[in-house]
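Enquirer: The following comprises the amino acid sequence and a computationally predicted model.
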There are 2 protein chains.
Amino acid sequence: MTERISDAEHAVMEVLWRQAPLGAQEVADRIDPERGWSIRTVKTMLSRLLAKGALVHEEDGRRYLYRPAIARDDFVARESRRLLDRMFGGSVSPLVAHLAERDSLTDEDIAEIEALLKELKS
Amino acid sequence: MTERISDAEHAVMEVLWRQAPLGAQEVADRIDPERGWSIRTVKTMLSRLLAKGALVHEEDGRRYLYRPAIARDDFVARESRRLLDRMFGGSVSPLVAHLAERDSLTDEDIAEIEALLKELKS
DNA sequence: GCGTATTGACTACGTCTGTAATCTTGTGAG
DNA sequence: CTCACAAGATTACAGACGTAGTCAATACGC
């Protein structure tokens, strides 16, 4: 659970966060074809994620069905915090300031964030 | 320049973004002691960063002085975008929404972000 | 002048990652 | 009953990463 999930592993997690449980072949079918992974690669990822405790599996006849053992939200929270700590001294507003400066904030973003903040204060 | 900068390498970059140019020993002296790095380790990082084009060096007698070849802002922008793309479909407001939900937003953050947004709209 | 400490260059080595290939065993088609 | 195929288990292997150690040259203290 505390182990880091690598980039390639993350791709597998995303599939299972969208739909679970799934068998290995089904996961492979749902991986972005742009990655060009063989089923072997997907199986390796599944084993490693099992070993890391990020997945659990149940038997289903001669195969396994896999499902996430950690919530996507927790994963996202950990990764976000990591970035904040490493780049912005841990607080959020410098991140927003940075994005604003770099024109990464669309008008839509701005409107949505304002709405969010208003919500928060009420 | 397009090469990824690893965690350990990043620690060296931060030192040089704060002050440059510096010799290897000076960099080592400024690395957070909590890392417990030997001067050898720092030198390895400097070589790798040179090879990656993230640093340049100039001769200074029998040693080198190192300085960043990439701007911290560009690095931060790349890493931020990476997170946004991987976790939030590339747009900013879901990130802020997520942080808000997870209580990662302090009152101070909220105030600062509001000020930023006001600035942006004017 | 001579030994010592320092510098950069090169080498090392275990772990993690990405990307599979091979082995073993069970099962379903005929 | 037999045999090829599919599932999981095990093994492979190169490159990146973290963390140094060793080597050759050289400048400085004495």
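Expert: Structure received. Residues are numbered from 1 along each chain as shown, chains lettered A, B, ... in the order given.

Enquirer: For the longest helix seen in chain A, which helices and strands make contact with it?
Expert: Using DSSP state H to define each element, chain A has its longest helix at helix A:72-88. The elements that helix A:72-88 packs onto, with contact taken as 3 or more CB pairs under 8 Å, 6 or more residues apart in numbering or on different chains; DSSP states H and E, are helix A:7-18, helix A:92-101, helix B:72-88, helix B:92-101. In this view, the C-beta of every residue, glycine as well, is placed from N, C-alpha and C.

Enquirer: The same query, at a cut-off of 7 Å, please.
Expert: Packing contacts for helix A:72-88, counted by 3 or more CB pairs under 7 Å, 6 or more residues apart in numbering or on different chains; DSSP states H and E, involve helix A:92-101, helix B:72-88, helix B:92-101.

Enquirer: Show me which residues of chain A are close to DNA strand D?
Expert: A:23-25, A:39-40, A:43-44, A:47, A:62-64 (CB under 7 Å from any atom of the strand).

Enquirer: Could you identify the most distant pair in these?
Expert: A:44 and A:62 (19.4 Å; CB to CB).

Enquirer: if you count what's nearby, which of those two comes out ahead?
Expert: Ranked by neighbour count (other CB atoms under 10 Å in any protein chain shown), residue A:44 and residue A:62 place residue A:44 first, with 15 against 5.

Enquirer: Mind checking if the one helix or strand that one maps to is in reach of DNA strand C?
Expert: Here residue A:44 sits within helix A:39-51, counting by DSSP states H and E. Yes. Judged by CB under 7 Å from any atom of the strand, helix A:39-51 and DNA strand C are in contact via A:40-41, A:43-45.

Enquirer: how about that helix: buried residues?
Expert: A:42-43, A:45-46, A:48-49 (16 or more other CB atoms under 10 Å in any protein chain shown).

Enquirer: just to revisit the earlier point, take the residues of helix A:39-51 next to DNA strand C and lay them out in CSV including pLDDT and distance to residue B:57.
Expert: Compiled in CSV, those are given as follows (pLDDT from 0 to 100; distance: CB to CB, whole Å):
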residue, pLDDT, distance to residue B:57
A:40, 97, 43
A:41, 97, 40
A:43, 98, 45
A:44, 98, 40
A:45, 98, 40
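
Enquirer: Would you mind measuring from the residue nearest to residue A:105 when sequence neighbours are not counted to residue A:111?
Expert: Nearest non-adjacent residue to residue A:105, counting by CB to CB, 6 or more residues apart in numbering or on different chains: residue A:99, 5.3 Å away. Distance, residue A:99 to residue A:111, by CB to CB, to the nearest Å: 15 Å.

Enquirer: Alright, calling it a day.
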